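**Q** Predicted model, plus sequence, below.
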Amino acid sequence: MPTTEHNAPVDVPRGLKGVIVTDTVLGDVRGAEGFYHYREFSAVELAEQRTFEDVWHLMFHGTLPDAARRAAFTAETAALRRLPAEVRDALPAMARGCALSGPLAGLRTALSLTGAAAGFRPLYDLGPERRRADALAACAVVPTLLTALHRLGQGLDPVEPREDLPYAANYLYMLTGQEPEPARARAVESYLISTVDHGFNASTFTARVIASTGADLAACLVGAIGALSGPLHGGAPSRALDTLDAIGAPDRIDGWLREHILAGDRIMGFGHPVYRTEDPRSRLLKRIARGFGGDLVDFAVRVEERAEAILAELKPGRDLHINVEFFAGVVMELCGLPREMFTPTFAAARVVGWSANILEQAEDSKIIRPAARYVGPPPARPLPVG
């Protein structure tokens, strides 16, 4: 963290870009190389080769489990998926209240109520084992809450979780009411793994700021969800597909892109504040999408190629490539997820990364308290006569 003698204020870039605010053992994003990792392992390799529960165990415990430990951890977390009665009974009203804003908005309220019903106490007052227990419980119920809110919003009954299904397959089962095809479950699992953590993004940093106050775990997660709900952070996967819909046909690609780029519009799914190369998550998801094949994939690949070429022509030196949202939307569409569930699905993965960061932050008793520069009228002026 930047400091000077006697704690004098330090000027930093807007948005804290490039500012180191703490140390972490959870992972990092090396944007110039197009590489990111969870602890000491490549996140992409984990997404290709391991289960979601493996990565959850890695983030919480620091190690990848062997087969026996994986089975035990999977059983431990699966047993936590059911909702407290108070929360289950309140969900229909929450779903009606967020009919326009969607399940992610409902999750803020539902998760807050879940924390209260489960007796979550301030992190400051808890030891490491109870903090971990609260984190496991919160992560386990997020998919249950999201799918229940979605189904209730569609006039359907929630589907109870199954303890015999892994995290990703159970998520799809609760969403659709049908056990998913293995290929679709694995594709969604790879996506979930690829989005568990990604450095000190806005939602993760928000979670850590709240954790630094000693608040309870649910409060930290609710703040993170609020940050994620912004379209500049977590709202782009469905918007990237909306772009494909707006273009409509291959012969419209160049004209549509040129018109919108020259107008200064942002092309959703392109560019990233950290990467100066292609987003490694997008490479992974592109491979998954191509494994399914079909017209949507072919069209998306063509739009990607032309968009990168036109962006390079019209915005030279910007190095704008596709980011995770572009092919994430394609993969989720191919796996049958409704578009209003794209960002909530991201949250179902990122809750594990948020929680790992919260647990790490809770080990440090120093509150995060930056300063601001006052630029208003000079004080102190006499008060006007009332």
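**A** Structure's in. What do you need? Numbers count the residues shown, from 1 in each chain.

**Q** could you give the mean pLDDT of stretch 339-350?
**A** The average pLDDT within stretch 339-350 is 93.

**Q** Give the buried residues for that stretch.
**A** 339, 341, 342, 343, 344, 345, 346, 347, 348, 349, 350 (16 or more other Cβ atoms under 10 Å). Backbone N, C-alpha and C define where each C-beta goes, glycine included.

**Q** how far is that stretch from where the chain is centred?
**A** 7 Å (Cα atoms, centre = their mean, to the nearest Å).

**Q** With stretch 245-258 instead?
**A** How far stretch 245-258 lies from its chain's middle: 29 Å, per Cα atoms, centre = their mean.

**Q** quick one: average pLDDT of that stretch?
**A** 92.

**Q** Now the terminal residues of it, how far apart.
**A** Start-to-end span of stretch 245-258 (Cα to Cα, to the nearest Å) is 16 Å.

**Q** buried ones in it?
**A** Quick answer for stretch 245-258 (16+ other Cβ under 10 Å): 247, 253, 256, 257.

**Q** for the stretch 151-300 of the chain, which spans come out with low pLDDT?
**A** Residue ranges of the stretch 151-300 of the chain with pLDDT under 70: 234-237, 269-277.

**Q** need the strands for the stretch 1-150 of the chain, in chain order.
**A** Per DSSP state E, counting those that start in this stretch, the stretch 1-150 of the chain carries strands over the ranges 27-30, 35-38, 41-42.

**Q** Which one of those lies nearest to residue 384?
**A** Nearest to residue 384 among these is strand 27-30 (51.4 Å), distances taken as Cβ to Cβ.

**Q** by contact count, what packs against that closest one?
**A** Contacts defined by 3 or more Cβ pairs under 8 Å, 6 or more residues apart in numbering; DSSP states H and E place strand 27-30 against strand 35-38.

**Q** Neighbouring strands - and their directions - for the strand it packs on?
**A** strand 27-30 (antiparallel), strand 41-42 (antiparallel) (DSSP bridges).

**Q** hang on, the earlier thing: mean neighbour count, the strands of the stretch 1-150 of the chain: which tops it?
**A** Of all these, strand 35-38 carries the top mean neighbour count, a mean of 20, counting by mean count of other Cβ atoms under 10 Å.

**Q** what sits up against it?
**A** Applying Cβ atoms under 8 Å, 6 or more residues apart in numbering, the contact partners of strand 35-38 are 26-30, 42-44, 46, 55, 58-59, 196-199, 280-281.

**Q** And for stretch 95-106?
**A** Against stretch 95-106 from outside (Cβ under 8 Å, 6+ apart): 91, 94, 109, 145-146, 148-150, 152-153, 225, 228-229, 234, 340-341, 343-344, 347.

**Q** what about burial for these, which qualify?
**A** The neighbour count (16+ other Cβ under 10 Å) marks 91, 94, 109, 145-146, 148-150, 152-153, 225, 228-229, 234, 341, 343-344, 347 as buried among the contacts of stretch 95-106.

**Q** Next, the buried residues of stretch 371-386.
**A** Buried residues in stretch 371-386 (16+ other Cβ under 10 Å): none.

**Q** typo on my end, it should be stretch 114-132
**A** 114, 115, 117, 118, 120, 123, 126, 131, 132.

**Q** need the strands of the stretch 1-150 of the chain in JSON lines with distance to residue 84 and mean pLDDT, can you?
**A** Shown next, in JSON lines, are the strands of the stretch 1-150 of the chain (distance: least, Cβ to Cβ, whole Å; pLDDT from 0 to 100):
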{"stretch": "strand 27-30", "distance to residue 84": "32", "mean pLDDT": "91"}
{"stretch": "strand 35-38", "distance to residue 84": "30", "mean pLDDT": "92"}
{"stretch": "strand 41-42", "distance to residue 84": "35", "mean pLDDT": "96"}
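
**Q** Return the distance of the longest helix seen in the chain from the chain's centre.
**A** Ranked by residue count, the top helix of the chain under DSSP state H comes out as helix 128-153. Remark: helix 128-153 is offset 14 Å from the chain centroid, using Cα atoms, centre = their mean.

**Q** What is it packed up against?
**A** So helix 128-153, by 3+ Cβ pairs under 8 Å, 6+ apart, packs with helix 52-61, helix 67-78, helix 85-97, helix 103-117, helix 167-176, helix 217-228, helix 342-362.

**Q** Using CSV, write out every CA atom in the fourth one.
**A** As requested, the backbone C-alpha atoms of helix 103-117 are provided in CSV (Å, rounded to 0.1, in the frame of the first residue of the first chain):
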residue,chain,number,x,y,z
PRO,A,103,-32.6,-12.8,-9.6
LEU,A,104,-29.3,-11.0,-8.8
ALA,A,105,-31.3,-8.1,-7.2
GLY,A,106,-33.3,-10.7,-5.2
LEU,A,107,-30.1,-12.4,-4.1
ARG,A,108,-29.0,-9.4,-2.2
THR,A,109,-32.1,-9.5,0.0
ALA,A,110,-32.2,-13.3,0.2
LEU,A,111,-28.6,-13.7,1.2
SER,A,112,-28.9,-11.1,3.8
LEU,A,113,-31.9,-12.9,5.3
THR,A,114,-30.0,-16.2,5.0
GLY,A,115,-27.2,-14.8,7.1
ALA,A,116,-29.6,-13.6,9.7
ALA,A,117,-31.5,-16.9,9.8
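
**Q** And that helix, how far out from the chain middle?
**A** Distance, centroid of helix 103-117 to centroid of chain: 16 Å (Cα atoms, centre = their mean).

**Q** and that helix, what's its mean pLDDT?
**A** On average, helix 103-117 scores 95.

**Q** Distance of the residue lying closest to residue 121 once chain neighbours are set aside relative to residue 84?
**A** Spatially, and ignoring its direct neighbours in sequence, residue 121 is nearest to residue 216 (5.9 Å; Cβ to Cβ, 6 or more residues apart in numbering). The spacing between residue 216 and residue 84, counted by Cβ to Cβ, to the nearest Å, is 15 Å.

**Q** do the same with residue 52
**A** Taken as Cβ to Cβ, the span from residue 52 to residue 84 is 24 Å.
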